[in-house]
Structures are given as structure tokens and as C-alpha cells.
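> with the input below, show me the fold.
(2 chains)
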Amino acid sequence: MSHAFYVTASYIAAFAVVFGLVLWVWLDHRARHRELARLEAAGIRRRSARQENAG
Amino acid sequence: MSEPSLAIRKFSDLANPTRFLALVAIVWPWLAALTVCLFAVGLYLSFASVDDYQQGQTVRIMYVHVPAAWLSMMCYTVMALSALGTLVWRHPLADVSAKAAAPLGAGFTLVALITGSLWGKPMWGTWWVWDARLTSVFVLFLMYLGLIALNRAMDDPTRAAKASAILILVGFVNIPIIKFSVEWWNTLHQPASVMRMDGPTIDPAFLWPLLIMAVAFTMLFFTLHILAMRNEILRRRIAVLRRHAARSAGEAA
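Take a look at the predicted model:
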């Protein structure tokens, strides 16, 4: 195999892992955001949020 | 909450998760933009730099392998400091920091292992050897996986935090072993050529792209770390809300 193969494979592997980490953080945030919105829609809120609404 | 109560006036104010979330919302787009710019410059210099007279173009693997290897150790050091924060100061965000950093550390260590193997084959003639440097980095990767598994195995975050913190601090002994393994033992892996007492032995033509890529990787780590911490804070808030809702439902029944 040529040296170009090893260089290309290294950069692809690094990009794939970094992309995976970015995707994990983004998808996790989206899921948590939706979960919080669902709870809020069901009337389940943090004490501070309830006080804000009352005020 | 009113605006003035979220103001960050001293470092300890960051112990408040709500204040921390407000700060993350302001800081992360700037950090992300800086990371992208640094990667653009770093990657351009990496591919514009000359080939090494011995290694040819495989020297370009260094620009991803070395920063990933540095970060694998830095990430664990951040986790060890967070573990101290959990056990000594009981800082509310210390455990969040350690838990959020573990998958990132595992990712960067994996990059270091894969790219090291892809560099080893054309230069050493082998994908892998069980020398002290490679083995200790592989042990670091297993430790990250173990810590992720431990955090997921326990439902109670407080109990998981203490167990993780102790394990992280015990495992920190591996970091100096990784760093000095190439000096203490006869390894196939080369000794340090950048962080040396007598200064770097690497030519500036290779040093600059390497340093810029290292800063880019470090900024990437900090961006992802604060965002992963934000996710963990939200996850814990959701768990508390669910518990309160279940308790209220039980009392009403």
C-alpha cells in the first residue's frame, strides 16, 4: 500500500471519530430539550419556573 | 429567575448550574467558531508543509496523531481535577465535568490508537507492538470505557460520582507512565520530540502545523466538553422533575 493510503486513512478515521463525538453531543442535547419540553407541556416544571409563572 | 441573579462575578458563582448554563449559551458559539478557524489553518498548513526526508508524506499523520495523544492525557487530567472537586470540595459541577469528559477522552484516545497504528505500519513495518507506550495508552482507553460503564451502571448519580472519582484518581497513575514510558523503557515508539527540557528537536516547518492542530484539537475538546456538561445538567434536571412528578402523583392517589 502507498503512503498516501495511510495518510488518507488516518485523516478519515480522525474525522469519523470527531464527527461521532459532535453528533453524540448534538443528538443528546436535542433529546434532552424535547424531553424537558414534554414535561413542561404536562405541567411538570422546576420550582423556579413555577415561581416565574406565578410572578 | 431575574437577570442580575445570573451574573457571574467570581469563579465560585459557576457552581450554580443555572449560571453555568447561561455562560455556556454565550461562550459555545465563539469557541466553536475559533475551533473551525484553527482547524482550517491547521489543516491547510498540514497539507502545504513539505514531506519529511525520511518519512515522506506519512509525516502528515503526526498532525492528527500527536494532538489526539496529547488530548487523551489532558482529558484524563481534567477528569482527575474534577474528581478532586467531587471528593474534596463537593463542587456541584465537578462530577458533571468528569462524566461529560469520559466519552470525549475515549474518542481522542481511539484516534491516537488508530492513527498510531496507521503510522506504525509503513514506518515500523507493524500495525502494533506491546511496548510500554502503546500498551499504557491502550490501558488508558480501557479505563475510559470502564468509567463510562461505571457511570451508566449506577442509577444514583451521587454514589456513581464518588465511585468514579476514586477510580479516576487511582487510574491517574497511568498518565506519568504514558508520558515517561519512552524514557523509562526501551520502546519502539520514539522519545518525546516537542515537550523536552532542552526544547523541541523537530524542525519549525513541521512544528508550526503541529502546534496549530494541537490548539485546534484542544479548543474542540473544550467546546464539546462544556456542551456535554450542559446535556448532563439537563439530564439530571429531567430526572429530578420525574421524581417530583412521581412523588406528587403518589401523594395525590
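> only C-alpha atoms for contact and neighbour calcs from this point on.
OK.
> quick check: the residue of chain A nearest chain B.
At 5.0 Å from chain B, A:Ser10 is the closest residue in chain A, using CA to the nearest CA.
> got the confidence number for that residue?
We have a pLDDT of 96 for A:Ser10.
> what about it, how many residues nearby?
Neighbour count of A:Ser10, defined by other CA atoms under 10 Å in any protein chain shown: 26.
> mind listing what B:Phe221 touches?
B:71, B:104 (CA atoms under 8 Å, 6 or more residues apart in numbering or on different chains).
> what about it, which SS state?
Three-state assignment for B:Phe221 (DSSP: H, G, I helix; E, B strand; the rest coil): helix.
> least trustworthy helix or strand in the chain by mean pLDDT?
Answering for chain A, as no chain was given. Every helix and strand in chain A was compared by mean pLDDT, DSSP states H and E; the lowest is helix A:47-54, with a mean of 61.
> you looked at the wrong chain, it should be chain B
Using mean pLDDT, DSSP H and E as the measure, no helix or strand in chain B falls below helix B:174-184, which has a mean of 88.
> which helix or strand contains residue 21?
Because you didn't say which chain, this covers chain A. Per DSSP states H and E, A:Leu21 falls inside helix A:3-41.
> sorry, I should have been clearer: chain B.
helix B:17-48.
> repeat that for B:Ser97.
Assigned by DSSP H and E, B:Ser97 belongs to helix B:94-124.
> helices and strands around that helix, which ones?
Secondary-structure packing of helix B:94-124 (3 or more CA pairs under 8 Å, 6 or more residues apart in numbering or on different chains; DSSP states H and E): helix A:3-41, helix B:62-84, helix B:132-153, helix B:204-252.
> and that helix, how far from the chain's centre?
On the basis of CA atoms, centre = their mean, to the nearest Å, helix B:94-124 sits 8 Å off its chain's mean C-alpha point.
> surely B:Phe172 touches B:Val78?
No - judged on CA atoms under 8 Å, B:Phe172 makes no contact with B:Val78 at a distance of 10.5 Å.
> if we can go back for a sec, how about the helix holding B:Leu21: buried residues?
B:17-18, B:20-21, B:23-24, B:28, B:31-32, B:34-36, B:38-39, B:42-43, B:45-46 (16 or more other CA atoms under 10 Å in any protein chain shown).
> try stretch B:137-149
B:137-138, B:140-141, B:143-144, B:147-148.
> again with stretch B:51-62
For stretch B:51-62, burial by neighbour count (16+ other CA under 10 Å) applies to B:57-62.
> what's the closest of these to B:Asp198?
Nearest to B:Asp198, judged by CA to CA, of these is B:Met62 at 21.0 Å.
> the residue of the stretch 101-250 of chain B found nearest chain A: neighbour count?
Closest contact between the stretch 101-250 of chain B and chain A, by CA to the nearest CA, is at B:Thr115 (5.0 Å). Per other CA under 10 Å, the neighbour tally for B:Thr115 reads 26.
> contacts only, for the nearest residue to it once chain neighbours are set aside.
Nearest residue to B:Thr115, sequence neighbours excluded (CA to CA, 6 or more residues apart in numbering or on different chains): A:Ser10, at 5.0 Å. Going by CA under 8 Å, 6+ apart, A:Ser10 touches B:61, B:64, B:114-115, B:118.
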